[in-house]
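> Attaching a predicted model along with its sequence, questions to come.
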Amino acid sequence: MELFDSHAHIDFPRYNKDRDKVIERARAEGVKYILNCGADLESSQRAVKLAEDYDDIFAAVGIHPHEGSMYSIEIAKKLRELAENKNVVAFGEIGLDYHYDNSPRDEQRQAFRAQLRLASTLDLPVIIHSREAEKDTINILEEEWDSKNGGVVHCYSSSAEMAKKLLELDFHIGFTGLITFKNLEWLRRIVSNTPINKILIETDSPYMSPEPYRGRRNEPARVKEVARQVAKCHNLTLEKVAEITTENGLNLFKI
């Protein structure tokens with residue numbers, strides 16, 4: 001069985017003391033591929049370095065909406081240079097976060113639009129973060145994104161209506177350990193209603209640790225628990241979900 005953790009941040013300092021062991025545990029659980037995503041310029045650089053150091057890790061580069069106010073022409077130039085690395089397979093994570101508003105919303109939107117355009121010129125799929133920003137996320141994607149390169153809205157926790165619209169736009173939907181939480185039956189219904197060929201599984205490590213590890217630092221090995229829950233939602237075997245979601249990831253990211 002081969003699993004694909006399609007979104008992780010194991011470059012973060014929380015792994016500095018045991019990163020190699022975290023990667024070893026993932027491999028032991030059948031995790032064949034890990035996509036490590038950038039959140040700002042420094043983490044994007046670290047993601048590329050990780051992908052150079054480990055054959056089973058790939059990188060995405062981008063500026064998270066929390067850091068939208070830092071986006072500039074100079075940052076865009078450096079991201080473009082990073083994206084030329086052969087191990088970079090996506091642009092992200094980018095998008096909008098109206099929950100924390102760590103950057104002003106107008107600056108988030110500007111950075112989001114600019115990075116969508118940059119990703120398009122680089123022929124890279126996009127990894128989207130959207131929290132409490134459904135309307136603006138959809139409107140900007142409709143206006144800016146060329147679906148030929150594909151993309152995924154990761155760590156999905158938005159409405160069924162948004163999921164339907166994303167599928168119409170030919171996006172994939174990424175699910176995390178959230179779908180294992182007992183009080184989120186509504187989210188499991190969205191999983192059940194999402195075609196299996198449009199689902200990616202992810203950990204979003206170090207966040208979103210699934211049951212029975214909730215509250216602890218997450219790691220890619222636990223993507224198996226996400227796959228297990230998807231299997232229940234779709235009445236499939238764990239092995240079949242692993243096979244399909246891994247193929248989905250390989251196809252989307254052209255690995």
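The structure has been received and is ready for your questions.
> Every contact and neighbour count from this point should use C-alpha atoms.
Fine.
> For this protein, just list every one of the strands.
3-8, 31-37, 57-61, 88-97, 126-131, 151-153, 172-175, 199-201 (DSSP state E).
> Dump those into CSV; add mean neighbour count, mean pLDDT and distance to residue 189 as well.
Output for the strands of the chain, formatted as CSV (neighbours: other Cα atoms under 10 Å; pLDDT from 0 to 100; distance: least, Cα to Cα, whole Å):
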stretch, mean neighbour count, mean pLDDT, distance to residue 189
strand 3-8, 29, 98, 21
strand 31-37, 26, 98, 26
strand 57-61, 28, 98, 29
strand 88-97, 28, 98, 24
strand 126-131, 25, 98, 19
strand 151-153, 25, 98, 17
strand 172-175, 26, 98, 12
strand 199-201, 28, 98, 13
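> which one of these lies closest to residue 216?
The closest of the strands of the chain to residue 216 is strand 3-8. By Cα to Cα, the value is 15.0 Å.
> Please compute how far that closest one lies from its chain's middle.
The chain centroid and the centroid of strand 3-8 are separated by 8 Å under Cα atoms, centre = their mean, to the nearest Å.
> Go ahead and name everything in contact with it.
By Cα atoms under 8 Å, 6 or more residues apart in numbering, the residues outside strand 3-8 that reach it are 30-37, 154, 174, 200-206, 219-220, 223-224, 242-243, 245-246, 249.
> again with stretch 50-66
11, 32-41, 44-45, 47-48, 71, 79, 82-83, 87-97, 100-103, 108, 111-112, 115, 129.
> now stretch 109-117
By Cα under 8 Å, 6+ apart, the residues outside stretch 109-117 that reach it are 62-63, 65, 68-69, 71, 76, 91, 94-96, 126, 140, 144-145.
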